[in-house]
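> Dropping the sequence and predicted coords here.
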There are 2 protein chains.
Amino acid sequence: MQRQPACVGDRAEAIETPALVVDLGALEANLDRMAAAVSARGMRLRPHAKSHKCPPVAALQMARGAVGICCQKTDEAAAFVDAGIDDVLVTNEVIAPAKLARLAALARHARIGVLCDDARAVTRISDAAVACNVCIDVYVEVDVGAHRCGVAPGAPVAELASAIARAANLRFAGLQCYQGAAQHLRAPQAREAAIASATVAAIASRDACVARGLAVAAITGAGTGTFEHEMASGVFSELQPGSYPFMDADYARNEAAPGAQPFAQSLHVLTTVMSTPVRERAICDAGLKSMSFDSGLPLVAARAGLSYVKASDEHGVLQCDPAQAPAQWGERLRLVPGHCDPTVNLYDWLVGLRGDRVECVWPVARGTLG
Amino acid sequence: MQRQPACVGDRAEAIETPALVVDLGALEANLDRMAAAVSARGMRLRPHAKSHKCPPVAALQMARGAVGICCQKTDEAAAFVDAGIDDVLVTNEVIAPAKLARLAALARHARIGVLCDDARAVTRISDAAVACNVCIDVYVEVDVGAHRCGVAPGAPVAELASAIARAANLRFAGLQCYQGAAQHLRAPQAREAAIASATVAAIASRDACVARGLAVAAITGAGTGTFEHEMASGVFSELQPGSYPFMDADYARNEAAPGAQPFAQSLHVLTTVMSTPVRERAICDAGLKSMSFDSGLPLVAARAGLSYVKASDEHGVLQCDPAQAPAQWGERLRLVPGHCDPTVNLYDWLVGLRGDRVECVWPVARGTLG
C-alpha cells in the first residue's frame, strides 16, 4: 500500500509528491454535464469505472442518476459491490472458472453482468451461476469495428444469444457494441462515421436476435470520445463513457465537434522539481512509475516555459524555455497525463482538492488485475 | 492489495492471470553470474533494487556477497530496511523535509546513503540527520553524460563535496557516476565509448576532490548494460546493476560485446487468451495495466506464430501467423515485457516457479512512489 500523500484538511502545498490529485470542482462539473446530457435524451448512463477504480467517484455518478457502473475485471467488480454499488457490468470476457465463481458470488449481492463472445464461455458462466444459485446477465459482445474481442455482427450474434438464453441461470441481457478504436480518432467526422458504422452493426445484430425471437433489452456501448454519436443513433439504449470525470492529454488532442462543450481536465499528477542542474533543464520526481506513457508524454499545466520532454523510471526531464522563468528548485507542478486510465492504475490514493485545500483522500482499487 | 495469484505448491497452470512470474533457476543463474564477475575483479556489488522492489530478491543478492542495495525512493528504502537490509543507498536526490526526516529515521537501523547535486539540499539533509542524531552518507551525483540530475564534473563536484564534508552529521561518501543513457545504446562500442567518457568525468571529479583534501571513498555507478566497462575502468569501486536478475525485451535488443555471456530472461507476464474471434487474431488478458509499454511491445516467449501487436488497458491483441498453430481459446502464454522495472511496479506479487511448481510468492514493495 502506498503512503497516503496527504490528510484531509491539508493545504495543497503539504501533499507529498508524486501524487494523483483531482480538482473536485472540475470533476463535479464533468459529472453534471454528462448526467444532464444523457438524461436529456432519456437514456441510461452506466459510466465505466475502469478509469477511476474509485468507489467514491462511482457513488457521485450513481447520485447523478447512473443506473450502475461498468468495470473490466472481476476484482474491480468486487471492490464496487463491496462499496455498495448494486449493478455492475464487467465489460470483458471472463473465462477462468475461478474468476467466474467469484463473479457469481457477487451476484448474491448485486446485479452482475458480463460479456461473452464464445459458446464455450456460455457453459462456464452458466455452471458458475448454477453453483451459486444466482442469475447472471450475459451480453453478447459484437465486433462493431474495433477488431478486438466480439463476434461478427448479425447471425453469429443471434446464435450466441440463443445459446445464452437457453443456458441455466443466465439471462440474455443485450448487446455490447463498444467501438473502442473510434474514441481517439482526431476528426469529429471520423468519429461520427465510425459510430455510424457501429450502429449499422448493432442494428443488424439486434434484428437477427429479434428474428430468432430473442428480445434485446439493451444495446450498450460508447466512450467519452464518441458518446454524442451513440446518443444520437436512436439504437443505443445505454452509454458507458469512462474518461469524462478526469480527461487526459490524449483526449485533449481530439478535435471537438462544432458546438461541443469539452470536459475539463480535473486530474493531475502533482510533482516536485528536485534538481535544476542547468538553466535549460530541470528534473521532477514523476517518471515512468508515476504516469503511463502509452499515449505520449504528459503536459505541464498552468506553467508557461516548461515542457516535459523525457522520462525515466523515477525522473522526468523538463526543458526550460530560455525566454520564460526557469524552473525553480522545489517548485511544484501539475502534469496532465497522456492517458488517464493506466495512470490512475499506478496509485492507491486520489487526493481531492477544493481550491487549495485537501477535501478528501479517496482509495483507488488499484490492486485489481484479475 | 492485489489478489495473490497463486499459492506455494500450486502447479503453474493454477496461477491466475495476468501474473508476474519468475523462473527461479534462471534468476539464480543471473545472480550467480553477476556476483562471480564482480568479485573476480575484487569490486563491490551494490545491486539496484528499483527493478525488483522485492526484499527476498535483495536477500538473495546479499547472500551472494552484495555489500548493500540501491533504491530510488525513501519508501523503498524503508521497505528494504524493514526487511533487514542494513546498507541502503537512495540513488536519487531527496529534497522534501518530510522524506528526509523519514530517511534519517532509517539511519538508526541501517547505513543510509543519498545523493546530492545542490548545496541547498546539503542543509536540508544535515538538518534531518541532526534532528535524528544520526549520520547519513551523502554522495555527490556527477553528470557523467546522461544529462539528467547531477553537477558538472570537476571543480563543481569538489565544491559540493566540501559543503557536505563540512555539514553536521553528514559524511561525504563518494561520487555517484551513473551513465543511465548508455545502458541501452545498441552497439557495444557505443556503450564502451560512453563509459570511457563517464570515466574521464569521474576521474576529473575525484581529482578535484582530492586536490581539496577530500578523500573519495567510493566511485559508484553502472547498470546491466554497461557494468563490464565500469568494471574494467580501474576507477569505479562499486557497481549498481539493477535489471540483470530479470532482463527484458529492450535489454535483449542490445548487441552483446564479443565473448559476453548474456543474462537469461527470468521474468515473464503470464497471460491467458480469452478470446479467439477470428483465425488471425486472438486477445489476451494483459494490456496497459499489466505491463509498461515505454520500451515497446512485449514479446511472446516460447510460442511460435503469435505476435503481440497492440495493447489497450486490459487487453492485448495477438496476431496469429497463418502458417503456424492458431492461438487456442484459454491458452496460456508468457510475455517478455519491454521494460522490466516499470512492469514489476504494476504488481504486488511475484510468483517464483521451479519448473512447473510454484515455489514462492514474493511481495513486491510496489507501493513506493515517494
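Now that the structure is in, tell me what you want to look at. Numbers count the residues shown, from 1 in each chain, chains lettered A, B, ... in the order given.
> okay, the closest residue to chain B within the stretch 101-250 of chain A: pLDDT?
Chain B sits closest to residue A:149 of the stretch 101-250 of chain A, with a gap of 4.0 Å, by CB to the nearest CB. The C-beta positions use only the backbone N, C-alpha and C, and glycine is treated the same way. Note for residue A:149: predicted pLDDT of 98.
> So it: helix, strand or coil?
Three-state assignment for residue A:149 (DSSP: H, G, I helix; E, B strand; the rest coil): coil.
> nearest spatial neighbour of it, skipping sequence neighbours?
Spatial nearest neighbour of residue A:149, excluding adjacent residues (CB to CB, 6 or more residues apart in numbering or on different chains): residue B:275 at 4.0 Å.
> how is chain A carved up into domains?
Under the assignment automatic domain parsing, the domains of chain A span A:12-19+A:263-363, A:86-243.
> so the residue of the stretch 101-250 of chain A closest to chain B touches residue A:116, yeah?
No - if you go by CB atoms under 8 Å, residue A:149 and residue A:116 don't touch, sitting 9.6 Å apart.
> Residue A:92 should be in a strand, yeah?
Yes - the assignment for residue A:92, made by three-state DSSP, places it in a strand.
> Measure how buried it is and give me the count.
Using other CB atoms under 10 Å in any protein chain shown, residue A:92 has 25 other residues around it.
> related to what we said a few turns ago, shared neighbours of residue A:149 and residue A:116, anything?
Listed as contacting both residue A:149 and residue A:116 by CB atoms under 8 Å, 6 or more residues apart in numbering or on different chains are A:93, A:141.
> what about residue A:64, distance to residue A:58?
Going from residue A:64 to residue A:58 by CB to CB, to the nearest Å gives 11 Å.
> swap in residue A:182?
Residue A:182 is 25 Å from residue A:58, by CB to CB.
> before we move on, back to that, need the three-state assignment for the residue nearest to residue A:149.
Per three-state DSSP, residue B:275 ends up strand.
> Run through the bridge partners of it.
Residue B:275 has these beta-bridge partners by DSSP bridges: residue B:283.
> Residue A:73 contacts residue A:92, correct?
Yes - Residue A:73 lies in contact with residue A:92 (CB under 8 Å); the separation is 7.0 Å.
> can you confirm residue A:234 is in a helix?
No - Residue A:234: not assigned to a helix; according to three-state DSSP it is coil.
> quick one: it from residue A:283, how far?
53 Å.
> do residue A:311 as well
Residue A:311 is 11 Å from residue A:283, by CB to CB.
> before we move on, what about residue A:73?
Using CB to CB, residue A:73 is found at 35 Å from residue A:283.
> ok, back up a step: shared neighbours of residue A:311 and residue A:283, which are they?
Jointly contacting residue A:311 and residue A:283 under the rule CB under 8 Å, 6+ apart are residue A:317.
> Measure how buried residue A:257 is and give me the count.
Neighbourhood size, residue A:257 [other CB under 10 Å]: 14.
> Which other helices and strands does the helix ranked longest in chain A contact?
With secondary structure taken from DSSP state H, chain A has its longest helix at helix A:188-211. Other helices and strands packing on helix A:188-211, by 3 or more CB pairs under 8 Å, 6 or more residues apart in numbering or on different chains; DSSP states H and E, are helix A:155-166, strand A:170-176, strand A:219-221, helix A:227-232.
> quick check: mean pLDDT across that helix?
98.
> re earlier: mind checking which of residue A:311 and residue A:283 has more residues around it?
A count of neighbours by other CB under 10 Å puts residue A:283 above the other of residue A:311 and residue A:283, at 26 against 21.
> My guess is the more buried one contacts residue A:316. True?
Yes - if you go by CB under 8 Å, residue A:283 and residue A:316 touch, sitting 6.9 Å apart.
> Can you tell me the SS state at residue A:75?
When classified by three-state DSSP, residue A:75 comes out as helix.
> Which pLDDT value does the model give it?
96.
> Please apply the same query to the one 5 residues further on.
Per-residue confidence (pLDDT) for residue A:80: 97.
> what about it, how many neighbours?
For residue A:80, using other CB under 10 Å, the count is 27.
> Spit out the contact partners of residue A:29.
Residue A:29 makes contact with residue A:264 under the criterion CB under 8 Å, 6+ apart.
> Checking residue A:145 next. Helix, strand or coil?
Residue A:145 - assigned by three-state DSSP - is coil.
> can you check residue A:126 too?
helix.
> mind checking how far the closest residue to it other than its chain neighbours is from residue A:177?
Excluding its sequence neighbours, the residue lying closest to residue A:126 (CB to CB, 6+ apart) is residue A:167, at 4.0 Å. Distance of residue A:167 to residue A:177, given as CB to CB: 22 Å.
> out of these two, which sits in the more crowded spot?
Neighbour tally, residue A:167 and residue A:177, criterion other CB under 10 Å: the higher count belongs to residue A:177, 35 against 21.
> How about the backbone phi and psi for residue A:80?
phi -80, psi -40 (degrees, to the nearest 10).
> got it, and the one 4 residues further on?
Note on residue A:84: backbone dihedrals following degrees, to the nearest 10 are phi 100, psi 0.
> now residue A:361
When quoted as degrees, to the nearest 10, the phi and psi of residue A:361 stand at phi -130, psi 100.
> show me the contacts for it.
Per CB under 8 Å, 6+ apart, neighbours of residue A:361: A:4-8, A:349-352.
> you'd agree the residue nearest to residue A:149 is up against residue A:118?
Yes - Residue B:275 is in contact with residue A:118 according to CB under 8 Å; the separation is 6.8 Å.
> need the helices for the stretch 1-150 of chain A, in chain order.
Using DSSP state H, counting those that start in this stretch, the helices of the stretch 1-150 of chain A run over A:24-40, A:55-63, A:74-82, A:97-106, A:119-132.
> Is any residue of the third one near chain B?
In this case it means helix A:74-82. Yes - counting by CB under 8 Å from any CB of the partner chain, chain B is contacted by helix A:74-82 at residue A:75.
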